[in-house]
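[1] Just a sequence and a predicted model for now, questions to come.
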Amino acid sequence: MRVFGSLCFAITLSANKKKLDSRSRKCIHIGLKDGVKGYILFDLHSKEIFLSRDVIFFEHIFPYQSSVSNDSVTPHLHMHRFLLLFWMIFFILIKIIHQILPIIMHMLPLIHNLHLHLIP
């Protein structure tokens with residue numbers, strides 16, 4: 001597996017190329033295709049999507065990553081992730097309570113009756 005969105009170069013060696021012609025295409029890795037040996041790539045120059053097997057990856061470089069410095073973005077990004085996580089947990093708890101509440105409401109009279117019979 002390769003990192004989605006990372007920079008890569010598809011090798012374009014061919015017998016008809018001249019000495020100073022480009023030998024690769026600057027691309028972004030955008031996925032894999034089932035049943036095909038190769039990577040789906042997006043050419044940054046021609047804006048073309050194509051398949052290639054002969055690819056060199058730079059998985060730590062992301063051409064479409066925001067150009068804003070990480071120092072100014074980090075606090076906002078952490079707060080955004082925190083709020084997203086908070087709301088996800090909140091809605092999961094609401095869903096669980098919504099599913100369990102009818103069961104509890106159904107059992108409440110039974111528990112109350114049992115309590116009355118056990119205590120003289």
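    Alright, I've got the coordinates.
[2] Give the pairing partners of the strand ranked longest in the chain; include direction for each.
    Longest strand in the chain, counting residues (DSSP state E): strand 24-32. Under the criterion DSSP bridges, strand 24-32 sits next to strand 7-11 (antiparallel), strand 39-43 (antiparallel) in its sheet.
[3] tell me which residues in it are buried?
    25, 27-29 (16 or more other CB atoms under 10 Å). C-betas here are computed from N, CA, C, even on glycine.
[4] outside of it, which residues touch it?
    Strand 24-32 has contacts (CB atoms under 8 Å, 6 or more residues apart in numbering) with 2-12, 39-46, 49, 52, 55-57, 63-64.
[5] just to revisit the earlier point, tabulate the buried residues of strand 24-32 (JSON lines), appending distance to residue 81 and pLDDT.
    JSON lines is the format used below for these (distance: CB to CB, whole Å; pLDDT from 0 to 100):
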{"residue": "25", "distance to residue 81": "35", "pLDDT": "89"}
{"residue": "27", "distance to residue 81": "29", "pLDDT": "93"}
{"residue": "28", "distance to residue 81": "24", "pLDDT": "91"}
{"residue": "29", "distance to residue 81": "24", "pLDDT": "90"}
